[in-house]
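1. build me a structure from this.
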Amino acid sequence: MAVSLKIKGNKRTNEGIGNDLVSIGDNRFPVIDAQYPGTKGATDFIVIRHLHDKSVYTIVCKNVTPCDSNREGTLYISVSVPVKEHVEGLFNMLIELQNAYKSMCMTYDGSMYHFMARNDMAQPFEEIIAAHKVSRYPYKTVATSDDTTSMAYLFMTPEHISDLLNDPMRGEFSRYGQVVLVPVSDPSQYVSTLNIPAKIWRSYKIYVNGRQTGQTLSDPNKTVTITLPETASHESVSATFSIAQARDTRMPGIAVDDEAQIIYLNMQPKLKPVVKPTVETSELTEKRATSGSKKPYILIAAGTIAVLAVLAYVLFFSPKDEKPQKPKENNRIETPKNQDGDNNPEAPDGDNPDEAETGADGTDNGEETPETTDGKNPEETDPSDKLLNQDKDSGNKANPDVNAELLKNYNSDKAAINKAENLSFDRFRKIHRRHTNYDKQAGYREFKEKVDFINDVVGYIRGLNEETSLEDYKAKIKSLAKKAGELGLNGLKAKLDQRLGDGGPKDISESIKINNNF
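-> Residues are numbered from 1 along each chain as shown. You can find the predicted model right below:
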C-alpha cells in the first residue's frame, strides 16, 4: 500500500504519545508533538511536511483528554504519501479518518473528546484509505525545511484547504519546516504568513518542431490551435489540443513535460505534388516579346551601315581610271539568334535561385515559422535541437532514410545519458530538449526516466545559492546519489558522492561554484 497511516495521542496520562494507537503500512515517518501557538485557539487544523521521499499530512486535534484523567491531550492522525504520488480527494480522506476515529475510539461529553481504554482496530481505517485513488503527481516536487520550529500559518476556508491539498507542492513552502492550515469561516479576519492562491493553474509553454511559439496554455480544458502556413513546396497543417488532450499518449507527434511545464509538438506538413509548367510564364513571354520587337530596327541599321560603307569605298578609295564598281549586295549583319529566334539568348529555363530550397546544411528547407493564435513570433533555438522529421516520404532529399538517422541520434543521446557524469550542462540541455523525439524507439521509457532524473539534478545544482543550508544540501545530494544508483547511473552517483566526500568541495560555497557540470 503506497499510503501509510499512523495515529498517535495521549490515551493515558503517563504514556504520552510514544506508542502508535493505529499503524497501517510503513510507519517509519516522524510525527511531531508541538504546541502550534499561531493557530489562534483552533481545536482542529492540518500540518504539512514535504520530506525528500514522502509527504506527511497530519490532522491535529487539541480538544481531547486521556482516558484516565481530564488533563488536556492531543490526537494526531498522520498520513504518509510517496513524493511522486498523490491521493485524489486528500482533504476528504483526512476528515473521514478523523471522524471514524472519534466515533469509534473516543467518547464526547459535549465539549471534549475522551480516549477509550480499549485497544483500537485498524480495519475501518484501511477501508477508508483503499477507497481513495492514488495517482502520479506530475509536477516538480518541493521539500520543506529541516528546521521544524519554523512554521507558516495559512488561515483558509475548508473549501480552499481542499483546493490547496489537490496541488500541495508550492515553492514558497521550502522556507518553512511545517505549514499549518487553519480552517476558518472568514480568512479576511486573520493574517496568514504566506499569501498564495489555494488553486493554481500551471502555465505551459508550447514548442513546435523545436521552436518556442510564444504561446502558453493554462486552463487544462481550454483548446489551442497551432498552424504551419502553406509554403511554395508544402501544404498548410494545423493541430488543435488542450493540456488534457496533450497528455493522452494516443495523440501522435505531441508530448508533455509536466515538470518543465512544456508541450512539445512535432508537425510535418505534406509536400505539394510537383507539376511541370506547360506554358511559358508571363515574365518570360514578356521578355521574348520585347526582344522580338527589336529585330526590325537592328536589321535596318545593319543594312544602312553596309550601303554607306560601299559608297564610301567607291567615292574615295577606288582607282580613278577604273569604272566605278557596281555596289555589291548588302551584307546584312545580324546578331546571333538562339534556338527560339531571340537576339538576346536567355539562360536555360530553371528554378529561380531566390526560391530554391536549401539542402542538408541545416537551413530550413522551405519550412515556415509556426503561426500561433496570439500572433506572437516564435523564438529561434539551436538547429541541433530541432525535432527530426519522422516521415520517411516527407521529401527530405538530404536524408532519405530518416528512421535510420533518428535511430542513430537516439543511440548517440542514450550513450551520452548513460555516461552523464561526462556531460556539461549545456550539452545535456540540448539532449533534454529533443528527447521526446525518440518516443517510438525501443527502451524509450527507461531513457526518458534517466533524462528526467538528470534534469532534476541539473536544476538543483544550478539553483544552488548562498541561502541554501548545508544540511539541506547534504540531504538532497545524498538522495540524488541514491536515485542515480537505482537507475544504473553509477558514474553520476560517484560524481554526486564526491561532492560530499573527502575528494569533493570542502564546503557548500565551493560546491556552488561547480554549476556547469556534475
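2. now do the same for the residue nearest to residue 192 when sequence neighbours are not counted: helix, strand or coil?
-> Excluding the flanking residues, the one nearest residue 192 by C-beta to C-beta, 6 or more residues apart in numbering is residue 154, at 4.8 Å. Every C-beta, even on glycine, is put in place using the N, C-alpha and C of the backbone. Recorded secondary structure, residue 154: strand (DSSP: H, G, I helix; E, B strand; the rest coil).
3. so what sits opposite residue 154 in the bridge?
-> For residue 154, the beta-bridge partners are residue 181 (DSSP bridges).
4. then residue 224?
-> Going by DSSP bridges, residue 224 forms beta bridges with residue 241.
5. dump the strand or helix carrying residue 58 to PDB, keeping only the CA atoms.
-> For residue 58, the host element (DSSP states H and E) is strand 54-65. The C-alpha trace of strand 54-65 is given here as PDB (Å, rounded to 0.1, in the frame of the first residue of the first chain):
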ATOM      1  CA  LYS A  54       7.500  11.400   1.100                       C
ATOM      2  CA  SER A  55       4.900  14.000   2.200                       C
ATOM      3  CA  VAL A  56       3.300  13.800   5.700                       C
ATOM      4  CA  TYR A  57      -0.200  15.300   6.200                       C
ATOM      5  CA  THR A  58      -1.400  15.400   9.900                       C
ATOM      6  CA  ILE A  59      -4.700  16.400  11.400                       C
ATOM      7  CA  VAL A  60      -4.000  17.800  14.900                       C
ATOM      8  CA  CYS A  61      -7.000  17.700  17.400                       C
ATOM      9  CA  LYS A  62      -6.500  19.700  20.600                       C
ATOM     10  CA  ASN A  63      -9.800  19.200  22.500                       C
ATOM     11  CA  VAL A  64      -9.100  15.700  23.700                       C
ATOM     12  CA  THR A  65      -8.300  14.200  27.100                       C
END
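6. tell me, what residue is most central in this structure?
-> Centrality entry for the chain: nearest residue to the mean C-alpha point is residue 262, 2.7 Å, by C-alpha atoms, centre = their mean.
7. how about the secondary structure of the nearest residue to that residue once chain neighbours are set aside?
-> Distances taken as C-beta to C-beta, 6+ apart put residue 205 closest to residue 262, at 5.0 Å, once the chain neighbours are dropped. Look at residue 205: counting by three-state DSSP, its state is strand.
8. my read: residue 205 touches residue 263, true?
-> Yes: the pair residue 205 / residue 263 is scored as a contact, 7.2 Å apart, by C-beta atoms under 8 Å.
9. those two - which one has more neighbours?
-> Ranked by neighbour count (other C-beta atoms under 10 Å), residue 205 and residue 263 place residue 263 first, with 27 against 17.
10. quick check: that one is in a helix.
-> No: read with three-state DSSP, residue 263 is strand and lies in no helix.
11. ok so, going back, per-residue pLDDT of the residue nearest to the centre of the chain, please?
-> The model reports residue 262 with a pLDDT of 93.
12. which residues does it bridge with?
-> Applying DSSP bridges to residue 262 gives these bridge partners: residue 205, residue 257.
13. could you check how far it is from residue 170?
-> From residue 262 across to residue 170, the span is 20 Å (C-beta to C-beta, to the nearest Å).
14. equivalent analysis for residue 221, please.
-> Residue 221 is 23 Å from residue 170, by C-beta to C-beta.
15. counting neighbours, go ahead and name the busier of those two.
-> More crowded of residue 221 and residue 170, by other C-beta under 10 Å: residue 170, with 16 against 8.
16. ramachandran angles for that one?
-> The phi/psi pair for residue 170 (degrees, to the nearest 10) reads phi -120, psi 130.
17. thought it was touching residue 197?
-> No: in this structure residue 170 lies outside contact range of residue 197 using C-beta under 8 Å: 9.4 Å.
18. show me where the stretch 351-500 of the chain has strands.
-> In the stretch 351-500 of the chain, no segments count as strands under DSSP state E, counting those that start in this stretch.
19. where are the low-confidence patches of it?
-> Flagging of the stretch 351-500 of the chain using pLDDT under 70 yields the residue ranges 351-401.
20. contacting residues for the closest residue in space to residue 419 that isn't next to it in sequence?
-> Closest residue in space to residue 419, ignoring its immediate chain neighbours: residue 491 at 6.1 Å, by C-beta to C-beta, 6+ apart. Contact partners of residue 491, counting by C-beta atoms under 8 Å, 6 or more residues apart in numbering, are 419-422.
21. can I get the residues you listed in JSON lines including neighbour count and distance to residue 443?
-> JSON lines is the format used below for those (neighbours: other C-beta atoms under 10 Å; distance: C-beta to C-beta, whole Å):
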{"residue": "419", "neighbour count": "11", "distance to residue 443": "16"}
{"residue": "420", "neighbour count": "24", "distance to residue 443": "16"}
{"residue": "421", "neighbour count": "17", "distance to residue 443": "20"}
{"residue": "422", "neighbour count": "13", "distance to residue 443": "20"}
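22. list just the nearest of those residues to residue 409.
-> Closest to residue 409 out of the contacts of residue 491 is residue 419 (16.1 Å), distances taken as C-beta to C-beta.
23. lowest average confidence, helix or strand, in this structure?
-> One helix or strand of the chain scores below all others by mean pLDDT, DSSP states H and E: helix 282-293, with a mean of 57.
24. first-to-last residue distance for stretch 12-29?
-> 23 Å (C-alpha to C-alpha, to the nearest Å).
25. which parts of it are buried?
-> By neighbour count on 16 or more other C-beta atoms under 10 Å, the buried set for stretch 12-29 is 17, 20-25, 29.
26. could you pull out the helices in the stretch 201-350 of the chain for me?
-> Secondary structure of the stretch 201-350 of the chain by DSSP state H, counting those that start in this stretch: the helices cover 243-246, 282-293, 295-312.
27. closest one of the buried residues of stretch 12-29 to residue 150?
-> The closest of these, once distances to residue 150 are taken by C-beta to C-beta, is residue 29, at 19.2 Å.
28. surely the closest one is within a strand?
-> No: Residue 29 is assigned coil when assessed by three-state DSSP, not a strand.
29. quick one, what contacts it?
-> Counting by C-beta under 8 Å, 6+ apart, residue 29 touches 4, 6, 51, 54, 56, 78, 80.
30. please apply the same query to residue 142.
-> Going by C-beta under 8 Å, 6+ apart, residue 142 touches 50, 169-171, 173-174.
31. using a markdown table, lay out the buried residues of stretch 12-29 together with secondary structure and distance to residue 63.
-> Listed next are the buried residues of stretch 12-29 as a markdown table, based on DSSP: H, G, I helix; E, B strand; the rest coil; distance: C-beta to C-beta, whole Å:
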| residue | secondary structure | distance to residue 63 |
| --- | --- | --- |
| 17 | coil | 16 |
| 20 | coil | 21 |
| 21 | coil | 17 |
| 22 | strand | 20 |
| 23 | strand | 24 |
| 24 | strand | 25 |
| 25 | coil | 28 |
| 29 | coil | 25 |
